[in-house]
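Novice: No letters, just coordinates:
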C-alpha cells in the first residue's frame, strides 16, 4: 500500500512539475510585437518593402481622389512619395491609405499606417496621443462663404450655421471663437462644402489652405474674416520611435534645402512658399 501510495504521489508531483515548467515557459516567451511596439521603426519599413502613408482623399491641393482616378493627388501625397524615394530610392514604394480627420490618429495608434500627412495641426492634446515631426506647413483658420453673403467675419456668425469636418481642430476653434453659431460636423470636407452649396450651412470653416482648394474648384465662393488661428501642420507618427521622428525631420530639412519643397509648393499653390 505504501509503495502504491508513494508511486501515486510521485506521479502527481511529476505532472504538477511539468505543468509548472510549461506555464513558466509560456509566460517567459514574448508575443510577436507589432511594428509599432519596439525596435527600429525605419528598419521595419525597409523590411516590409514599402511605406504606408495616411493621406486625405477629400482636400483639394493636399490630398484629393478625383472621380475616375486611381489614387489621391496633392501636395502631401507628393511629399510622401519623396519620403518613399528617400527610404527606398523609388517614389513608387508607398501605399497611400485614406484617412479622415476623425480616423487619422486611431489608424496611427493601431499600426495601420507608418505616418500621417493629413493636414494635421500640431496641438498639445494630440501630442499626448502621437508624436509629430517639425512643422512642414503653416496655415490659419478662415471662413468660406458664397459671394454676396452677409457673413464677413466670425462676428457675423451668431445664429448662423457653420460646417466643418468631424475630428478637426476647426470645430473646436469655431465653437470658442463664435459661441453663437451652430456648428455642423461632417465626415469629410467635401460634404462640409456641399452643405454650403446646398444652403444647409451659411459658411464653412477650416484652414485657409484647405479652403483655397475649394475656391479653385468653384469661383462663386470667397474667403472672409482673415485668419483667426494659427494651424501648424506636422506629420504624425506612432509614439515611442524617436529614431523614426528624427529621420522624418531630417527629410523635411533636406527637402527644403535641395529646393524640392519649393518646387512642390509652387506646383500646387501657384506661389513660392513663405520664407
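Specialist: The structure has been received and is ready for your questions. Note that the coordinates shown come from a computational prediction; the quantities given were computed from them, not determined experimentally.
Novice: which stretches of the stretch 101-250 of the chain form strands?
Specialist: Along the stretch 101-250 of the chain, the segments classed as strands by DSSP state E, counting those that start in this stretch run 115-117, 131-139, 141-146, 161-165, 182-186, 203-207, 221-224, 231-237.
Novice: Which among those strands is found nearest to residue 54?
Specialist: Set against residue 54 and scored by CB to CB, those come closest in strand 115-117, at 3.9 Å. Using the backbone N, CA and C atoms, a C-beta is placed for each residue, glycine as well.
Novice: mean confidence score for that closest one?
Specialist: Strand 115-117 comes out with an average pLDDT of 98.
Novice: quick one on the thing from earlier: kindly reformat the strands of the stretch 101-250 of the chain as TSV containing mean neighbour count and distance to residue 255.
Specialist: Shown next, in TSV, are the strands of the stretch 101-250 of the chain (neighbours: other CB atoms under 10 Å; distance: least, CB to CB, whole Å):
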stretch	mean neighbour count	distance to residue 255
strand 115-117	28	12
strand 131-139	19	8
strand 141-146	24	26
strand 161-165	25	27
strand 182-186	18	32
strand 203-207	28	21
strand 221-224	17	28
strand 231-237	24	12
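Novice: Report how many residues lie close to the closest residue to residue 64 other than its chain neighbours.
Specialist: If the residues on either side of it in the chain are set aside, residue 64 comes closest to residue 74, at 5.5 Å by CB to CB, 6 or more residues apart in numbering. Counted with other CB atoms under 10 Å, the neighbours of residue 74 add up to 24.
Novice: ok, back up a step: nearest to residue 272, out of the strands of the stretch 101-250 of the chain?
Specialist: It's strand 131-139; of the strands of the stretch 101-250 of the chain, that one is closest to residue 272 (CB to CB) at 13.8 Å.
Novice: Can you list the strands that the closest one pairs with?
Specialist: In the sheet, strand 131-139 lines up against strand 231-237 (antiparallel) (DSSP bridges).
Novice: which residues in this structure form helices?
Specialist: Secondary structure of the chain (DSSP state H): helices located at 2-28, 41-48, 75-88, 104-109, 124-127, 169-177, 189-197, 208-217, 242-257, 260-269.
Novice: how about those helices, which one is nearest residue 148?
Specialist: Closest to residue 148 of the helices of the chain is helix 189-197 (CB to CB; 13.1 Å).
Novice: So which bits of the closest one are buried?
Specialist: For helix 189-197, the neighbour count (16 or more other CB atoms under 10 Å) marks 189-190, 192-193, 195-196 as buried.
Novice: Can you tell me what sits against that helix?
Specialist: Contact partners of helix 189-197, identified using CB atoms under 8 Å, 6 or more residues apart in numbering, comprise 56, 58-59, 144-146, 161, 163-165, 184-186, 201-204, 206, 210, 214, 218, 221.
Novice: One more pass at 6 Å, please.
Specialist: Residues from elsewhere that reach helix 189-197, judged by CB atoms under 6 Å, 6 or more residues apart in numbering: 58-59, 163-165, 186, 201, 204, 214.
Novice: Check stretch 236-246 too.
Specialist: Applying CB under 6 Å, 6+ apart, the contact partners of stretch 236-246 are 36, 40-42, 108, 115-116, 120, 130-132.
Novice: With stretch 59-74 instead?
Specialist: With contacts defined as CB under 6 Å, 6+ apart, stretch 59-74 is touched by 55-57, 75-77, 96, 119, 189, 210, 213-214, 268.
Novice: Please produce a markdown table containing those residues, extended by distance to residue 173.
Specialist: Formatted as a markdown table, the contacts of stretch 59-74 follow (distance: CB to CB, whole Å):
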| residue | distance to residue 173 |
| --- | --- |
| 55 | 23 |
| 56 | 19 |
| 57 | 23 |
| 75 | 22 |
| 76 | 21 |
| 77 | 26 |
| 96 | 28 |
| 119 | 14 |
| 189 | 15 |
| 210 | 13 |
| 213 | 19 |
| 214 | 18 |
| 268 | 24 |
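Novice: now those: which count as buried?
Specialist: Neighbour-count burial (16+ other CB under 10 Å) applied to the contacts of stretch 59-74 gives 55-57, 75-77, 96, 119, 189, 210, 213-214, 268.
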